[in-house]
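J.: kindly return the folded structure for what I paste below:
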Amino acid sequence: MISSTGGCTAAGIAATAAPSSIAADMYQSPAADNDSMSEPSSSGRVGCPVYVMLPLDTVWVVERDSQKVAILKRERALEIALHTLRKAGVEGVMVDVWWGICERAGPRVYDFSAYRRLFHKCAAAGLKVQAVMSFHAAGGNVGDTCKIPLPKWVVDIGERNPDIFYTDKQMHRNKECLSLGCDEVPLFWGRSPVDMYQDFTDAFADAFDYLFGTVITEITVGLGPAGELRYPSYPEGDGRWRFPGVGEYQCCDKYMLADLRAAARAVGHPEWGHGGPHDAGHYNSRSWETGFFVSQGGNWQSEYGHFFLSWYSGLLVKHARRVLGVAAEVLNKPGRPRVLKAIDKLENGHVMYEFKPAVQLGAKLAGVHWWFKSRAHAAELTAGYYNTRDRDGYAPIIQVLAEFNGRLSFTCVEMRDCEHPPEGRCSPQGLLQQVLECAERYGVPLAGENALQRYDEHAFDRIAESAFGRTARSGRLEQLTFLRMGDLMFDNWEAFCSFLKRMRGNSGDEAAEQQLAQQQWLQHSHQHQLAGLQQQQQHYALAANSVNLQQQLPSMQQHEQQLSDPGHGVMQ
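T.: The predicted structure follows:
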């Protein structure tokens with residue numbers, strides 16, 4: 001039997017009986033058996049799992065013997081830090097897998113050697129990994145401490161054809177990432193940007209799929225500047241924008257303009273296809289200073305305004321669908337590791353198993369919270385989110401994530417409205433609440449990130465409130481990724497450890513009780529895993545002729561041997 005769920009095909013195997021349990025590392029059932037104990041988190045705690053972002057320059061390129069090689073910076077200190085994080089209760093780490101480092105030598109010439117060493121160190125420390133396919137350059141965003149450009153051979157093409165980069169009305173080219181306008185144009189040695197993103201993700205999966213589901217648990221796909229799905233409308237790094245400016249539209253490269261002209265002709269208004277709004281101000285304008293964004297009578301409410309904003313935000317949604325689509329295709333490629341998603345009992349007494357990729361697909365959205373309390377939400381509009389007081393601009397994006405069973409990561413979970421100047425009309429709390437409710441409506445899991453590195457109690461209180469909530473309508477974060485490992489974190493180590501204990505949801509005697517419960521659960525689960533694997537092997541063998549899954553048996557037998565090994569779960 002074949003079942004299709006959320007845009008990803010999953011195989012279903014009919015059998016006469018369900019296995020009593022499924023091996024935790026390979027096949028994880030979404031529902032526990034009635035006779036089994038409740039499963040705590042993998043860290044042995046109940047609460048919200050915390051991941052920590054590694055430094056941007058964890059992997060670096062140096063010259064040795066006249067050759068450029070990728071290395072782990074401060075490798076011994078990094079190894080100690082990883083074990084320290086795990087000992088404190090951190091679930092895992094997030095790391096940027098830089099396009100400009102891994103494909104620096106030329107098209108389709110990939111070097112993941114330094115990342116291999118990093119992932120093995122993470123495994124040895126007992127940490128999970130969220131790998132970010134970073135198709136952008138570092139150095140132009142808040143908190144960037146280093147410069148990592150796009151691959152030189154890509155930049156060289158941009159020197160000859162600068163329209164591959166996002167362009168504002170002053171014709172300034174933003175070289176942080178490629179314009180979505182050329183997504184499907186084969187400008188790069190016969191490949192389009194979407195082709196390159198797919199090939200890169202596929203090469204990464206080929207290199208590391210043996211770690212999928214055990215060490216590498218999520219692949220987040222970069223979709224724009226800072227890895228976020230948005231336009232580079234507020235470029236603070238080069239001084240053009242300062243908070244709380246409304247930002248500028250980024251639609252003046254020739255590829256986006258050609259698309260705009262076609263869209264304008266299609267609605268019978270070719271005069272609308274010459275560029276963005278003429279009255280939208282500049283990067284540092286205030287909303288009320290512009291004719292387009294002013295609350296009362298602003299052109300954002302006009303027929304033209306609706307046309308332009310629908311087109312501008314619609315291209316962003318199409319970009320997300322294209323790139324996430326090819327990434328999902330990579331993760332669902334035949335032979336990739338998969339985990340059990342569901343067990344359905346059929347009326348005839350048979351059982352159907354549904355599978356999904358062993359790693360979670362993810363994407364990031366920016367927390368553009370300034371001007372949220374105004375009617376137009378100007379900064380969100382220039383960033384590509386057609387979100388106003390009367391319109392939910394995040395629903396179309398979250399629907400795309402739902403199509404591909406993706407997880408959404410959202411920033412600014414540490415911020416409060418009262419911490420910002422009133423003239424910016426900021427509401428990070430209101431924005432987060434809107435995104436939480438929209439994600440829940442479409443069944444998309446939501447993870448949180450802090451936008452700024454803070455260790456004060458006010459920030460920690462707000463993160464905990466975002467994660468757990470004080471009412472039934474707030475606080476539904478599946479996990480948190482904390483910005484970022486480094487000297488500042490270890491200088492505030494005591495405060496951070498207290499925060500981790502709080503996110504685990506226990507302290508003191510409760511922690512000891514949870515540790516005992518974890519040990520009991522592991523012992524209970526281990527016994528069922530062996531029995532379940534043996535029974536499941538019989539089911540697969542019976543069904544192999546009809547669904548061609550015979551190749552699953554050797555990996556399952558190997559996993560059974562690992563479960564029998566007292567050292568199971570520790571990578572040597």
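
J.: let me know the outermost residue of the chain.
T.: Seen from the C-alpha centroid of the chain, the residue lying at the greatest distance (C-alpha atoms, centre = their mean) is residue 348, 40.6 Å away.

J.: now it: phi and psi?
T.: Backbone geometry at residue 348, expressed as degrees, to the nearest 10, gives phi -80, psi 10.

J.: equivalent analysis for residue 339, please.
T.: In terms of degrees, to the nearest 10, the main-chain angles of residue 339 are phi -130, psi 160.

J.: tell me how many other residues surround it.
T.: By the criterion of other C-beta atoms under 10 Å, residue 339 has 20 neighbours. Heads up, the C-betas are built off the backbone N, CA and C, glycines and all.

J.: distance check, it against residue 212.
T.: Going from residue 339 to residue 212 by C-beta to C-beta, to the nearest Å gives 9 Å.

J.: any common contacting residues for those two?
T.: Residues touching both residue 339 and residue 212 (C-beta atoms under 8 Å, 6 or more residues apart in numbering) are 357, 358.

J.: which pLDDT value belongs to the residue farthest from the centre of the chain?
T.: Looking at residue 348, its pLDDT stands at 89.

J.: do the same with residue 391
T.: For residue 391, the model assigns a pLDDT of 97.

J.: and it, how far is that from residue 380?
T.: Separation of residue 391 from residue 380 (C-beta to C-beta): 10 Å.

J.: so the two - more neighbours on which side?
T.: Neighbour totals were compared for residue 391 and residue 380, and residue 380 leads with 28 against 12 (other C-beta under 10 Å).

J.: what secondary structure does the more buried one sit in?
T.: helix (DSSP: H, G, I helix; E, B strand; the rest coil).

J.: contacts only, for it.
T.: By C-beta under 8 Å, 6+ apart, the neighbours of residue 380 are 368, 371, 372, 386, 387, 393.

J.: please name the nearest non-neighbouring residue to the third one.
T.: Put plainly, it is residue 372. Of all residues not flanking residue 372 in the chain, residue 427 sits nearest, at 4.1 Å (C-beta to C-beta, 6 or more residues apart in numbering).

J.: just the residues contacting stretch 107-118, thanks.
T.: For stretch 107-118, the external contacting residues (C-beta under 8 Å, 6+ apart) are 58-59, 70-72, 75, 78, 95, 97, 101-105, 131, 153, 188-189, 191, 196, 199-200, 203-204, 207-208.

J.: buried only: go through these for me.
T.: Burial by neighbour count, judged by 16 or more other C-beta atoms under 10 Å, picks out 58-59, 70, 72, 78, 95, 97, 101-104, 131, 188, 191, 196, 199-200, 203-204, 207-208 from the contacts of stretch 107-118.

J.: sitting in helices, which of those do you find?
T.: Applying DSSP state H to those, the entries found in helices are 78, 101, 102, 196, 199, 200, 203, 204, 207, 208.

J.: assign residue 343 to helix, strand or coil.
T.: Applying three-state DSSP: residue 343 is strand.

J.: same check on residue 363?
T.: The three-state label given to residue 363 by three-state DSSP is strand.

J.: who's in contact with it?
T.: By C-beta under 8 Å, 6+ apart, residue 363 lies in contact with 220, 221, 223, 229, 320, 324, 401, 406, 407, 408, 409.

J.: hmm, the third one is touching residue 194, no?
T.: No. Assessed by C-beta atoms under 8 Å, residue 223 is found out of contact with residue 194, at 11.3 Å.

J.: more neighbours: these two, which one.
T.: The residue with more neighbours, out of residue 223 and residue 194 and counting by other C-beta under 10 Å, is residue 223; that gives 27 against 20.

J.: name the element the more buried one belongs to?
T.: Counting by DSSP states H and E, there is no helix or strand that carries residue 223.

J.: list the contacts of it.
T.: Residue 223 is in contact with 229, 319, 320, 323, 324, 363, 364, counting by C-beta under 8 Å, 6+ apart.

J.: the closest residue to the fifth one other than its chain neighbours: how many residues sit nearby?
T.: Nearest in space to residue 324, with sequence neighbours left out and distances taken as C-beta to C-beta, 6+ apart, is residue 404 at 5.0 Å. For residue 404, the number of neighbouring residues by other C-beta under 10 Å comes to 22.

J.: distance of residue 404 from residue 264?
T.: Here residue 404 is placed at a distance of 31 Å from residue 264 (C-beta to C-beta).

J.: same deal with residue 397?
T.: 24 Å.

J.: out of the two, which sits in the busier spot?
T.: Remark: of residue 397 and residue 264, residue 397 carries more neighbours, 28 against 19, as counted by other C-beta under 10 Å.
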